[in-house]
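Trainee: kindly return the folded structure for what I paste below:
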Amino acid sequence: MTRRGVSALGASPVLVGAVTVLVTIVAVFLSYNANSGLPFVPTYDLNANLPNAANLVRGNDVRIGGARVGTVSTIDAERNSDGTTYAQVHLKLDKDLEPLPADSTLVIRPRSALGLKYIELTPGTGKAGLKSGTTVPISQASPRPVELDEVLNTFDARTRKGAQGQLQGFGEGLAGRGQSLNAAIPEILPLLNDLEPVAKNLSSPQTRLDRFFPSLAAVAGEVAPVAEEQAALFGNLDTTFAALASVARPFLQEFISQSPPTEDVGIAQFPRQRPFLRNSAAFFRELRPGVRTLPHAAPILADALEFGTQTLPKLPPFNRRLTRVFQQVATFSEEPMVKLGLHHIQLLVDSLRPTIRFLTPAQTTCNYVTLWFRNISSLLSEGDANGTWQRFNIVSTPVGPNAEGGPSSAPANGGGATPSLNHLHANPYPNTAAPGQTHECEAANEPYLNGRTLVGNVPGNQGTATDKAAR
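Mentor: Next up is the predicted model:
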C-alpha cells in the first residue's frame, strides 16, 4: 500500500471505526472462548467418568503437577443400569500429552476456599496409551475428594460444645503452669525418640490398627448391658483398695520393691530348671498308671503298714537267726560240688529256654493256663456228701465209614447216614502265638467247617481273644 493509500485509510473515520470494532469483536470472541481453547489449535480429547462432578464447571483447569495442561469442555450426567448416576466430563488436553498411559488417575481438587475446582491428572506408568476419544473408567477417579462443606459439617453443635469445653478445661488446667511446661518441653525430645518406633509399628499394615477401634466399639457394645455390674465392681474395688491402704506400708511397699530382684533371679534360674521340670513331667507321666491303682491299692497298703508295725519289733531276733542262715549258705556255696550243681542247673535252664520261649505266649497272649485252672475248678464244682463228680456232656458221633466212634483205617471223609457230618476235624498242634507261628490263639477257637475234612490248622487268623472274663 502506498503512502497515499495509508493516508487515505487513516483519513477515513468510518473505516478506522469499522476496523476498531472488528478487532474488538475478535478480542471479545477469543476472550470468551479462551477457557474452551483457542480456535484452530489441535487438542487431545479424552472423556472421564467421575462418581461426582463436585462443583466442577465448564472451563475449569486440568493440571498435571500444578501446571495447566487443558480444560473441562463439557459435563454430562449419566445413569447406570442399576439406577445410580455418575458424571462424565469431556477434557481438552494439550496435544503433546498424547498418548497418556492407560493407568492414569484423576481427582477433583479445590483451587481456593471459594469453591473453585480443577482436575488433577496423574499420569500412570503403564506402556499402553489412551487414544483420543477414549473414556477413563470411574475406577481410576480416586481417591474420593473431601469437600470443604463436609469438613465444616463435622463441627456440628454437639462437637462445637465439646471443643468449647475442651478448650476451657485446657485453659484452666494450664493456667499458672508455664514454668512446669518449660521444664517439660526439653523432656519431650527423649519421649519422641522412643515414640518413633512405636508409631512405625502402629502405622504398619501388619499391625491392623484399623481393626482396633471397631473392635473397641464391639467390646463396648458387649459391655453396655452389664454397665451396672461394672459400676458395682468399681465400687467394690474402692472398698478393697481402701482395705489394702492400711497395709500398703511397709508390706505392699516391700513386696513391690522386692519383686524386680525376684524376677531377675527367676529369669536367670528358670532356664537352668528346665531339665528338672522336663524330668519331673516325665516322672509324673510314668507315675500315672500307679496313681490310677491307688484307690484300689490304698486300703491294702494301709493293712500292710498296720501289720508291718506289728511285725517290725520281731525283726531283730529274726535277723540274728538269719545271720546264721547266711553263714551256713556261705559255707555251702564254698563246696566244690555246689558249683558243679549250679553249673548243671545253668545248663538245664539254657536247655529249657527255647521250650519256655515257645510256651510262654500260650499264657501271656492266649491266657490258656488261667483258663485251664478255671475250667478244672468248674469241672469238679458239683457233688454231694460222698464227693464231687465231673461235669460233662456226651456228644454222639456220626455214623459212617471211618467214623470217630470206632476203629478207622483213614480219617472220616463223608459217607454214611449223615455224609455232611461224618468228617474228621483234628488240630493236634494249634497255633498259640508262639515264635514261628501265626499270631493267633487257635486252640478252642477253631470254626467248624461243615461238610469238610480238616486235619491241622484251620484257614485264616482266629485272633487272640480267648475268654475276656478270665483276664
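
Trainee: got the phi/psi numbers for the closest residue to A141 other than its chain neighbours?
Mentor: Nearest residue to A141 in three dimensions, chain neighbours excluded: L50, at 4.8 Å (CB to CB, 6 or more residues apart in numbering). For the C-beta atoms, the positions are set from N, CA and C on the backbone; glycine is no exception. For L50, the backbone dihedrals (degrees, to the nearest 10) come out as phi -120, psi 140.

Trainee: these two touch, right, L50 and L91?
Mentor: No. Assessed by CB atoms under 8 Å, L50 is found out of contact with L91, at 11.0 Å.

Trainee: between these two, which contacts overlap?
Mentor: Here L50 and L91 share no contacting residue, scored by CB atoms under 8 Å, 6 or more residues apart in numbering.

Trainee: measure the residue nearest to A141 to T74 for me?
Mentor: Applying CB to CB, to the nearest Å, the value for L50 to T74 is 13 Å.

Trainee: what residues are up against the residue nearest to A141?
Mentor: Y86, A87, Q88, V89, L106, I108, I138, A141.

Trainee: mind showing which ranges of this structure have poor pLDDT?
Mentor: 1-12, 14-16, 26-41, 113, 115, 146-149, 468-471 (pLDDT under 70).

Trainee: which residue ranges make up each domain of it?
Mentor: With automatic domain parsing as the criterion, the domains of the chain are listed as 1-32, 41-145, 246-334, 365-381+411-471.

Trainee: any idea how far T370 is from T466?
Mentor: 9 Å.

Trainee: the more surrounded of those two?
Mentor: Neighbours per residue (other CB atoms under 10 Å) separate T370 from T466, with T466 holding more: 18 against 14.

Trainee: circling back to that earlier point, out of the contacts of L50, which one sits closest to Q437?
Mentor: I138 (82.8 Å; CB to CB).

Trainee: need the phi and psi values for the closest residue in space to the closest one that isn't next to it in sequence.
Mentor: The shortest distance from I138 to any non-neighbouring residue, by CB to CB, 6+ apart, is to N49 (4.1 Å). Dihedral angles phi and psi of N49 (degrees, to the nearest 10) take the values phi -90, psi 130.

Trainee: check contacts around N49.
Mentor: Applying CB under 8 Å, 6+ apart, the residues near N49 are E78, Y86, A87, Q88, T135, V136, P137, I138, A141.

Trainee: residues near the fourth one, how many?
Mentor: When neighbours are defined as other CB under 10 Å, Q88 has 17 of them.

Trainee: and the gap between the residue nearest to A141 and Q462?
Mentor: Distance from L50 to Q462, by CB to CB: 85 Å.

Trainee: cool, T154 as well?
Mentor: 86 Å.

Trainee: more neighbours: which of the two?
Mentor: Q462 (20 against 7).

Trainee: three-state assignment of the most centrally placed residue in the chain?
Mentor: Centroid-nearest residue in the chain: Q206, 16.8 Å away (criterion: CA atoms, centre = their mean). When classified by DSSP: H, G, I helix; E, B strand; the rest coil, Q206 comes out as helix.

Trainee: what about A184, how many residues nearby?
Mentor: A184: 11 neighbours (other CB under 10 Å).

Trainee: quick check: which element contains it?
Mentor: For A184, the element it lies in under DSSP states H and E is helix 178-203.

Trainee: tell me the helix or strand right after that helix.
Mentor: Assigned by DSSP H and E, the successor of helix 178-203 is helix 212-223.

Trainee: how about the next helix or strand after that following helix: buried residues?
Mentor: For helix 212-223, the succeeding helix or strand toward the C-terminus, using DSSP H and E, is helix 227-245. The neighbour-count check on helix 227-245 (16 or more other CB atoms under 10 Å) flags nothing as buried.

Trainee: now do helix 227-245 against helix 212-223, angle only.
Mentor: Interaxial angle of helix 227-245 relative to helix 212-223 (axes from the mean of the first three to the mean of the last three CA atoms, to 10 degrees): 90 degrees.

Trainee: tell me the spacing between A281 and L252.
Mentor: 35 Å.

Trainee: output the longest helix belonging to the protein.
Mentor: Longest helix in the chain, counting residues (DSSP state H): helix 253-311.

Trainee: contacts for the very next helix or strand once past that one?
Mentor: For helix 253-311, the following helix or strand on the C-terminal side (DSSP H and E) is helix 315-333. With contact meaning CB under 8 Å, 6+ apart, helix 315-333 is reached by V338.

Trainee: and after helix 315-333, which helix or strand comes next?
Mentor: Next element after helix 315-333 (DSSP H and E): helix 336-364.

Trainee: next secondary structure after that following helix?
Mentor: By DSSP H and E, the next helix or strand past helix 336-364 is helix 368-379.

Trainee: list the buried residues for the following helix or strand past that following helix?
Mentor: Sequence-wise, the next helix or strand downstream of helix 368-379 (DSSP H and E) is strand 382-384. Within strand 382-384, no residue counts as buried by 16+ other CB under 10 Å.

Trainee: what helices and strands are in contact with strand 382-384?
Mentor: Counting contacts by 3 or more CB pairs under 8 Å, 6 or more residues apart in numbering; DSSP states H and E, strand 382-384 packs against strand 387-389.

Trainee: the helix holding A184 to helix 212-223, inter-axis angle?
Mentor: Orientation of helix 178-203 against helix 212-223 (the same axes, to 10 degrees) gives an angle of 100 degrees.

Trainee: distance from helix 178-203 to the middle of the chain?
Mentor: 37 Å (CA atoms, centre = their mean, to the nearest Å).

Trainee: pull out the buried members of the contacts of N49.
Mentor: Y86, A87, Q88, V136, I138, A141.

Trainee: can you tell me which of these end up in strands?
Mentor: Taking DSSP state E as the definition of strands, the buried ones among the contacts of N49 contribute Y86, A87, Q88, V136.

Trainee: quick check, nearest of those residues to D96?
Mentor: V136 (18.7 Å).

Trainee: identify the residue nearest the closest one in space, chain neighbours excluded?
Mentor: A48 (4.2 Å).
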